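Engineer: okay, here's the prediction I keep looking at, along with the sequence it came from:
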Amino acid sequence: MKLSFEKSRPGRFFPVMPELDVPEEKVPPELARAALPRLPEMSPPDISRHYSELARRTHGVNDGFYPLGSCTMKYNPKINDEMANLPGFTRIHPLQPEHTVQGCLEAMVRAGEMLCEITGMDAMTFQPAAGAHGEFTGVLLIKAYHASRGDGARTKIIVPDSAHGTNPATVSMTGFQAVNVPSDSSGCVDLDALRAAAGPDTAGLMLTNPNTLGLFDRNILEITRVIHDAGGLCYYDGANLNAIMGIARPGDMGFDVVHLNLHKTFSTPHGGGGPGSGAVGCKSLLAEFMPAPLAARRGGGYAFESPPQSVGRVSAFYGNFLVMARALTYIITIGGDGLRDAARNAVLNANYMMRRMSGAYDAAYPGTCMHEFVLSLDGLKREAGVSAMDVAKSLLDRRMHPPTMYFPMIVKEALMIEPTETESRETLDYAADAFLDIRLQAERDPEALRAAPVSTPVRRLDEVNAARHPKLRYNFG
Amino acid sequence: MYFPKDVSYSRTHEWVRMADGNTARVGITDYAQHELGDLVFVNLPEVGDEAIMGERIADVESVKAVSDIFSPLSGRISAVNGAILDAPELLNSDPYGAWLFEVRGVTEHEDLMGAEDYERFCEKGE
């Protein structure tokens, strides 16, 4: 397929901007660029076809099963889009006077209140644009809390070795030092190691529960108690909330601050179809540090407020508002019982798939999983020379998106599978059969698996060469 | 898998080659490069940095993941192997030739293993 740069012809254009109907403001000459940017020049039908052609070469949740572990690629109900497209939500401007956008403020306040109820928090902001941005915001609250108490000795944040990579990255970004604690033989936090790591220099802990192995940490109350006793605060990474929503609440487990991936748990578009939303909730002891402005009830109406010791803005205006509108629609549509049923079905579906595949594949931690499970293909790699990468590529030929690979890092040759609650039993069976078929093929014809995929628009990519010799820009020649 | 006898081995899969009593070169073992897969990027310390035994001093990146390299000894970084910055594949093709960094003024080092002990250590899959 040709790139848009290769399809470009001088003089063709796409009239995106309406005719100017206000006085023209020139860019000051010292800020204006000397030469025009070299952008592709294409006509509307050509660019439309270009993107349709790109879309045909991708795989989304509307094309087939998408069991990408830790990403919760659930079905996004179309009513979410219908509500987000209501003119009262779309034909507004962020600088409009508050009294003219009371409905939008009410939507933010109500969505915040519902998410507080779901997570056991007291305040919620929608400013962060995605999960990692939410983590950054949440840990800034922890930092502001210790600073407000004049407690400058707390420089470290504890992160388990099974954590999402964004957790230690967040710790570094916010100026803290990450302290790694190992998992015990059951895959959960090693309590003795945690007790040894916690102390007067502990600012907090970042934890996912259920964790990235798909296991619910039964010691969670003890874990958060150890951190609180040491004077630290507990951060809940909400990536895996789908397993417990409507059943258990991070706030009740002892967490002080959470982020939620609305684009995972609350059925807003995820991936290229985004944007995302990494809403952050906190207990009342952190509410005064929340990013400003924060939508709130005032009198009989709604207004933006600035928390007294706010850490400031973390994005322009109010976050990805229409993503929040979709999440609000989802919560109202399925209700509290629906959220609980969704979590139960997510866990049931994961356990069903894991049981169907046991015998042919080794679960990293056998037993009951939560909403996802992790396979270790280390044995298969040693016996048949077929790696997790080969199996993942073979799944592409069976019209499935592969699971998350080589994560968590404490499992060798890991495949992390999250079916979500919205898949039918037939889809789960189709996927399990595909895995079983690949396992048989690994013995009969491993070479074929190492050559996969063969039916996709591009065959196996040379990732090593691409990483060693990256081409990061178009060569105009 | 190759376990040369002229180097010592750490439990975190670095090798150490002592030049004299207080200068040593450090690299990653054949077992380590095999487990990591094709390496595509290396981050090295700078000359003059302090190396602290057991602490992270460098990292290597494969298409799968970024992995920390821990310093098996304490001292001052006196040289780094710039050749592997442009050609990280040398760590895969010649793990015991492609050293990462050199430490001078070695004040302490971990309990290092000989070739036979390290081979047994790797067989146990740690």
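Structural biologist: It's in.
Engineer: in chain A, where is pLDDT below threshold?
Structural biologist: A:272-274 (pLDDT under 70).
Engineer: next one: chain B
Structural biologist: Scanning chain B for pLDDT under 70 picks out B:126.
Engineer: quick check: residues of it near chain A?
Structural biologist: Proximity of chain B to chain A (Cβ under 8 Å from any Cβ of the partner chain) is limited to residues B:D38, B:V40, B:F41, B:E61, B:V63, B:K64, B:A65, B:P88, B:E89. (Each C-beta comes from the backbone N, C-alpha and C, glycine too.)
Engineer: can I get the residues you listed in TSV with secondary structure and neighbour count?
Structural biologist: Shown next, in TSV, are the residues of chain B next to chain A (DSSP: H, G, I helix; E, B strand; the rest coil; neighbours: other Cβ atoms under 10 Å in any protein chain shown):
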residue	secondary structure	neighbour count
B:D38	coil	17
B:V40	strand	19
B:F41	strand	15
B:E61	strand	16
B:V63	coil	18
B:K64	coil	20
B:A65	coil	14
B:P88	coil	21
B:E89	coil	17
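Engineer: which of those sit farthest apart?
Structural biologist: By the measure Cβ to Cβ, B:A65 and B:E89 form the most distant pair in the residues of chain B next to chain A, at 17.1 Å.
Engineer: name the nearest residue to the residue of chain B found nearest chain A, ignoring sequence neighbours.
Structural biologist: Residue nearest to chain A within chain B: B:V40 (3.6 Å; Cβ to the nearest Cβ). Nearest residue to B:V40 in three dimensions, chain neighbours excluded: A:A467, at 3.6 Å (Cβ to Cβ, 6 or more residues apart in numbering or on different chains).
Engineer: re earlier: nearest to A:L396, of the residues of chain B next to chain A?
Structural biologist: Of the residues of chain B next to chain A, the one sitting nearest to A:L396 (Cβ to Cβ) turns out to be B:V63, at 16.6 Å.
Engineer: quick one: contacts for that closest one?
Structural biologist: Neighbour list for B:V63: A:E463, A:V464, A:A467, B:G37, B:D38, B:V40 [criterion: Cβ atoms under 8 Å, 6 or more residues apart in numbering or on different chains].
Engineer: does the second one count as helix, strand or coil?
Structural biologist: Assigned with DSSP: H, G, I helix; E, B strand; the rest coil, A:V464 falls in the helix class.
Engineer: wait, doesn't it sit right on B:E61?
Structural biologist: No: counting by Cβ atoms under 8 Å, A:V464 stays clear of B:E61, with 11.1 Å between them.
Engineer: which neighbours do these two share?
Structural biologist: B:V40.
Engineer: surely A:R110 is in contact with A:L328?
Structural biologist: Yes: applying Cβ under 8 Å, one finds A:R110 in contact with A:L328, separated by 6.6 Å.
Engineer: which one's more surrounded, these two?
Structural biologist: Set A:R110 next to A:L328 and count neighbours by other Cβ atoms under 10 Å in any protein chain shown: A:L328 wins out with 23 against 16.
Engineer: now the more buried one, what's its secondary structure?
Structural biologist: Put simply, A:L328 is helix when judged by three-state DSSP.
Engineer: mind listing what's buried along stretch A:250-270?
Structural biologist: A:250-251, A:253-270 (16 or more other Cβ atoms under 10 Å in any protein chain shown).
Engineer: wait, what's in contact with the residue nearest in space to the middle of chain B?
Structural biologist: Nearest to the geometric centre of chain B sits B:G27, at 2.6 Å (Cα atoms, centre = their mean). With Cβ under 8 Å, 6+ apart as the criterion, the residues that contact B:G27 are B:E14, B:W15, B:R17, B:L91, B:P95, B:Y96, B:A98, B:W99, B:L100.
Engineer: what about the strands in the stretch 151-300 of chain A?
Structural biologist: Listed in chain order, the strands of the stretch 151-300 of chain A (DSSP state E, counting those that start in this stretch) span A:156-160, A:177-181, A:202-207, A:233-237, A:257-259, A:280-282, A:294-298.
Engineer: and A:Y430, how far from A:G64?
Structural biologist: 9 Å (Cβ to Cβ, to the nearest Å).
Engineer: circling back to that earlier point, mind checking which of the contacts of B:G27 land in strands?
Structural biologist: If you go by DSSP state E, the contacts of B:G27 have B:E14, B:W15, B:R17 in strands.
Engineer: ok, back up a step: which strand or helix spans the residue nearest to B:V40?
Structural biologist: Per DSSP states H and E: A:A467 is located in helix A:463-468.
Engineer: that older thread, got the ones in strands among the contacts of B:G27 as CSV, with neighbour count and distance to A:A350 columns?
Structural biologist: Shown next, in CSV, are the ones in strands among the contacts of B:G27 (neighbours: other Cβ atoms under 10 Å in any protein chain shown; distance: Cβ to Cβ, whole Å):
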residue, neighbour count, distance to A:A350
B:E14, 24, 38
B:W15, 28, 42
B:R17, 16, 48
